[in-house]
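Asker: no sequence on this one, just coordinates:
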């Protein structure tokens, strides 16, 4: 099982980034996918989540209207489009796969997003 995040980097405030999380080794379409982030010295927090079919999404209040989560079950990939980035969005972003009605979860190692001028 692997979840590999990519797309992080340094961006100026107001800029955009698109994160990707490529999955392998399990039936991707059976799993809800969630993006988490952890800023230095802070606890990990849920950013956005999408159901296994993509029909339902959830966002943390502070990213609503700026971030969009999506998935491609043919490419086994989940995305996080991040627009209007703010310095407080700086964190390591990780993706998680969770099987509905079970405790089975998988985690990626994360990708660093730094928002700074």
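Answerer: Cool, got the structure. From a predicted model like this one, the values you see are computed outputs, not experimental measurements.

Asker: what helix or strand does the residue nearest the centre of the chain sit in?
Answerer: Nearest to the geometric centre of the chain sits residue 35, at 2.8 Å (C-alpha atoms, centre = their mean). Remark: residue 35 resides in strand 31-38, with elements defined by DSSP states H and E.

Asker: Give me the helices and strands touching that strand, please.
Answerer: For strand 31-38, the helices and strands in contact under the criterion 3 or more C-beta pairs under 8 Å, 6 or more residues apart in numbering; DSSP states H and E are strand 17-24, strand 45-50, strand 67-72, strand 77-82, strand 91-99. Bear in mind the C-beta positions are built from the backbone N, C-alpha and C, glycine included.

Asker: again, only using 6 Å
Answerer: strand 45-50, strand 91-99 (3 or more C-beta pairs under 6 Å, 6 or more residues apart in numbering; DSSP states H and E).

Asker: so where is the chain shaky, pLDDT-wise?
Answerer: Within the chain, not a single segment meets pLDDT under 70.

Asker: List the residues that contact residue 19.
Answerer: Taking C-beta atoms under 6 Å, 6 or more residues apart in numbering, we find residue 19 in contact with 7, 80, 93.

Asker: Now neighbour count and distance to residue 15 too, for the residues you listed, in JSON lines please.
Answerer: Below are these laid out as JSON lines (neighbours: other C-beta atoms under 10 Å; distance: C-beta to C-beta, whole Å):
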{"residue": "7", "neighbour count": "16", "distance to residue 15": "13"}
{"residue": "80", "neighbour count": "26", "distance to residue 15": "14"}
{"residue": "93", "neighbour count": "23", "distance to residue 15": "15"}
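
Asker: From those residues, pick the one nearest residue 41.
Answerer: The closest of those to residue 41 turns out to be residue 93 (C-beta to C-beta; 16.3 Å).

Asker: returning to that earlier point: between the helices and strands packed on strand 31-38, which gets nearest to residue 73?
Answerer: Of all the helices and strands packed on strand 31-38, strand 45-50 sits nearest to residue 73, with 10.6 Å by C-beta to C-beta.
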